[in-house]
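In: Fold the following and give me the result.
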Amino acid sequence: MTETAASRPPFPQRARRYIIVGLFTLVPLWLTFWALGFILDFVRDLAQPMLNQIVVHVPADSSIMGMVTHPWFQTALSVAVLLSLFYFTGWLASRWVGQKAILLVDGIMARIPVAKSIYNAVKRLTDAMNMTPSDFQRVVLIEFPNPDMKTVGLVTKTFKDANTGRELAAVYVPTTPNPTSGYLEIVPVEKLTPTNWKMDEAMSFVISGGADVPKNVVYDMPPKADPKAGKKKETEDQP
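Out: You can find the predicted model right below:
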């Protein structure tokens, strides 16, 4: 519906509305570029010693000097160094020596008052995402904090009750808007509602406070097949 001159709101009201719309349009872009800039600066500082060594061994009047000192070259080299560091750390963490070193670092961080809370919260989230549950979908809905409400959970592991053999799931429940803090719930597998959501969809839903809703939302559990109906059908089919 096109606005006419008569129905158009006064300029101060339109200006206020446009300013608010522009603010909410640009804030996500500003935050995204700010976060990317922060990460790139951190990576560049990490690789700065290597960059200094390259600059020292390159003649000042050489054409290569301009390329070496260019910010894009330094950023690309920094990213390569960071990826190499990730690879080496992953390779070392997969060995016995690396696992012992991780336990040592965990013990040291547990003794530092402020760093302990931050380190444990981040590690809890990364461990939950790194562990792969067997035969079960990772993103589910569970009844929390009461049977009349549901929340998003990440299945981190499945196991059985030692007495009854009932199948259980360890479910990490991230909080909004900071998913690094949350709750760990033990939920019977039959109480899990599958969502078919990808991990990034679930995290976007949590961080945005529910504003970014995935396309497919399944709140109710799928109906269970009635075994008596199957037996009845088999009986009817018999001559």
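In: Quick check: what element follows whichever strand or helix holds Asp45 along the chain?
Out: Asp45 belongs to helix 11-46 when assigned by DSSP states H and E. Following helix 11-46 in sequence order, the next helix or strand is helix 48-56 (DSSP H and E).
In: by how many degrees do that following helix and helix 11-46 diverge?
Out: 70 degrees (axes from the mean of the first three to the mean of the last three CA atoms, to 10 degrees).
In: and the helix holding Asp45, which residues are buried?
Out: Residues of helix 11-46 classed as buried under the neighbour-count rule (16 or more other CB atoms under 10 Å) are Leu40, Val43, Arg44. Backbone N, C-alpha and C define where each C-beta goes, glycine included.
In: now the residue nearest the centre of the chain, nearest residue through space, not along the chain?
Out: Taking CA atoms, centre = their mean, the centroid of the chain lies closest to Met203, which sits 5.0 Å from it. Of all residues not flanking Met203 in the chain, Pro179 sits nearest, at 6.0 Å (CB to CB, 6 or more residues apart in numbering).
In: And the strands in the chain?
Out: 139-143, 150-160, 167-174, 182-188, 193-194 (DSSP state E).
In: So which of the ones you listed is nearest Ser94?
Out: Smallest distance to Ser94 across these (CB to CB): 19.3 Å, for strand 150-160.
In: For the closest one, enumerate its sheet partners and note whether each is parallel or antiparallel.
Out: strand 139-143 (antiparallel), strand 167-174 (antiparallel) (DSSP bridges).
In: can I get the CA coordinates of that strand in PDB?
Out: Below are the C-alpha coordinates for strand 150-160, written out as PDB (Å, rounded to 0.1, in the frame of the first residue of the first chain):
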ATOM      1  CA  LYS A 150      10.700 -27.100  26.200                       C
ATOM      2  CA  THR A 151      14.200 -25.900  25.400                       C
ATOM      3  CA  VAL A 152      17.000 -26.600  23.000                       C
ATOM      4  CA  GLY A 153      19.500 -29.200  24.000                       C
ATOM      5  CA  LEU A 154      22.700 -30.800  22.600                       C
ATOM      6  CA  VAL A 155      23.100 -34.500  23.000                       C
ATOM      7  CA  THR A 156      26.700 -35.100  24.000                       C
ATOM      8  CA  LYS A 157      26.600 -38.800  25.000                       C
ATOM      9  CA  THR A 158      24.200 -41.700  25.400                       C
ATOM     10  CA  PHE A 159      24.500 -44.500  28.000                       C
ATOM     11  CA  LYS A 160      22.300 -47.000  30.000                       C
END
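In: How far does that strand sit from its chain's centre?
Out: From the chain centre to the centre of strand 150-160 is a distance of 15 Å (CA atoms, centre = their mean, to the nearest Å).
In: Only the buried residues of that strand, if you could.
Out: For strand 150-160, by 16+ other CB under 10 Å, it's Lys150, Thr151, Val152, Gly153, Leu154, Val155, Thr156, Lys157, Thr158.
In: so which of these would you say is closest to Leu29?
Out: Set against Leu29, the nearest of these by CB to CB is Val152 (26.2 Å).
In: my read: that closest one touches Val173, true?
Out: Yes: contact criterion CB atoms under 8 Å: Val152 and Val173 qualify, at 7.3 Å.
In: where in the protein is pLDDT low?
Out: Residues of the chain that meet the criterion pLDDT under 70 lie in 1-9, 24, 55, 58-66, 68-69, 124-137, 180, 222-239.
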